[in-house]
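Student: Take this sequence and fold it.
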Amino acid sequence: SWATRIEGSNQAGIYSYQQPMAGLLRAFKDKVRGIALGLGYEEMIFPRHYREGALEAFGWTEHPGLNLELMALAPLNPSEARSNYKLLGDPVQCLGFYETLRVIQERNGGSIPAEVFDSPLKVYEDQGGWTVRNELHERLRGGFATGFEFSGAELVWAGNEDDSYSTRWETLSAVIGFMEDMGLKYRVTISGSCSRDAKYPDLAGQEMSLYEIPTLDVEVFIPSLEAEGKNPWIEIGGGDIAGVRLTENFGLEMGDGSKIYSGCQGVGWQRIAYGMLSQKGLDPTNWPSELRSSFSTSRLNDLLE
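Tutor: Numbering: from 1, shown residues only. Okay, here's the model as predicted:
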C-alpha cells in the first residue's frame, strides 16, 4: 500500500503515506530544493496558521468561494489561562513571506530598506507542514491527489517589476526542466489566480506577451482519466505574478518609496507523485534513475493491501 485513507468514506481526504510513497515524496523534495538553491533562493520555514487579517490581505476571506475553503484552529475548551483567539489555517503556503516582511517593516520604523531588494529577494519553503483547505466532496473522490491537507514547495519572491517577471520566468523554466528530467508528459496553461493584479481582472481578449501573462500553470497528464473520458490534466504547480497587489495589501513599502512586486511558484508533492505513478507505473525500474533509490517496501504493506 502506498497511501491509506485514515478517515471516513470517499468523501474524506485525510491520508497517511507509507513507504515507498514517503521515500518518493522525499526524493522530489530533495530534487526541487536543489534546483531552488541553485537559482539563489534562500530557505525559510513558515507557520501554517495565521491571524484573520493575513487572509484578508491575501483576498481569501471576502472572496466568494475561496472563503468557503478556509479552515480554523480554535480552542476546544476555552480557558482564561490559555490563548483563546482563533487562527485560520494556511491555504496557500506563501503567507509567511508577506507576514515576515510586514513584521520586519514594523521593526524598521515603517519601511523596508531599499537595499534589501537590490536583487530579487527569493525564498524557498517546504518544511512548515501541511496547508489545509475545506475541499468540495467531488474533488476529494479523486484519491490522494486531492485532500484536506496538501504538501509541497513554495518559491516566492519580491523586488522591482523587471526582477519579478524575470524571476518568475527563470523559476517556471526550472520547474519545466524538472518535469522533462522526470520524463513526464506535461503542458503549461494560462490560468486564473487568487492574487491577480488589478491590471488583469479578465484575461479574455487581452493581448500580451507570454512573459507578461500573470498566471501560468504546469499540468501533468493522467492516462487513466483520459480512458474514463475525463479531463486528463491535473495542475502540479501554478506560477503567479501578483504585481503590487499583495505587497500593497500587506502595507509593504521600500524605504525609497519604490513599489514592491512579488510572485510565487508552487510544486505539489502529492500531485506530481500522482502524475509520475500514473505515467510510469508502480514498478521503480520504469522510474527515472534518480528516484529509484527512494523505493523500499514497508512491513505494513501486506497488512494494508
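
Student: alpha carbons only for contacts and neighbour counts from here, please
Tutor: Will do.

Student: Flag the shaky bits of this structure, pLDDT-wise.
Tutor: Per-residue confidence for the chain (pLDDT under 70) gives these ranges: 8-11, 192-205, 297-305.

Student: can you give me the helices for it?
Tutor: 21-38, 52-58, 95-107, 137-140, 161-181, 223-227, 245-249, 269-280, 289-292, 301-304 (DSSP state H).

Student: Please list the outside residues in contact with the longest one.
Tutor: Going back to what we said before, that points to helix 161-181. 32, 35, 39, 119-120, 157-158, 185-186, 211-212, 218, 239-241, 243, 260-265, 288 (Cα atoms under 8 Å, 6 or more residues apart in numbering).

Student: and with 7 Å instead?
Tutor: Helix 161-181 has contacts (Cα atoms under 7 Å, 6 or more residues apart in numbering) with Pro120, Ala158, Gly239, Tyr261, Ser262, Gly263.

Student: same question, stretch 84-100
Tutor: Contact with stretch 84-100 is made by 46-52, 70-75, 78, 131-133, 154, 156, 250, as judged by Cα under 7 Å, 6+ apart.

Student: same deal with stretch 111-128?
Tutor: 36, 41-48, 105, 152-159, 163, 252-256.

Student: Spatially central residue in the chain, please.
Tutor: For the chain, Gly266 is the residue whose C-alpha lies nearest the centre (Cα atoms, centre = their mean; 3.7 Å).

Student: Leu155 is in contact with that one, correct?
Tutor: Yes - shown here, Gly266 and Leu155 form a contact pair, counting by Cα atoms under 7 Å, at 6.2 Å.

Student: Counting neighbours, which of the contacts of stretch 111-128 end up buried?
Tutor: 36, 41, 43, 46-48, 105, 152-159, 163, 252-255 (16 or more other Cα atoms under 10 Å).

Student: outside of the strand of greatest length in the chain, which residues touch it?
Tutor: In the chain, assigned by DSSP state E, the strand with the most residues is strand 233-243. Residues from elsewhere that reach strand 233-243 (Cα under 7 Å, 6+ apart): 168, 172, 195-197, 214-222, 261-268, 271-272.

Student: now that strand and helix 269-280, what's the angle there?
Tutor: Orientation of strand 233-243 against helix 269-280 (axes from the mean of the first three to the mean of the last three Cα atoms, to 10 degrees) gives an angle of 140 degrees.
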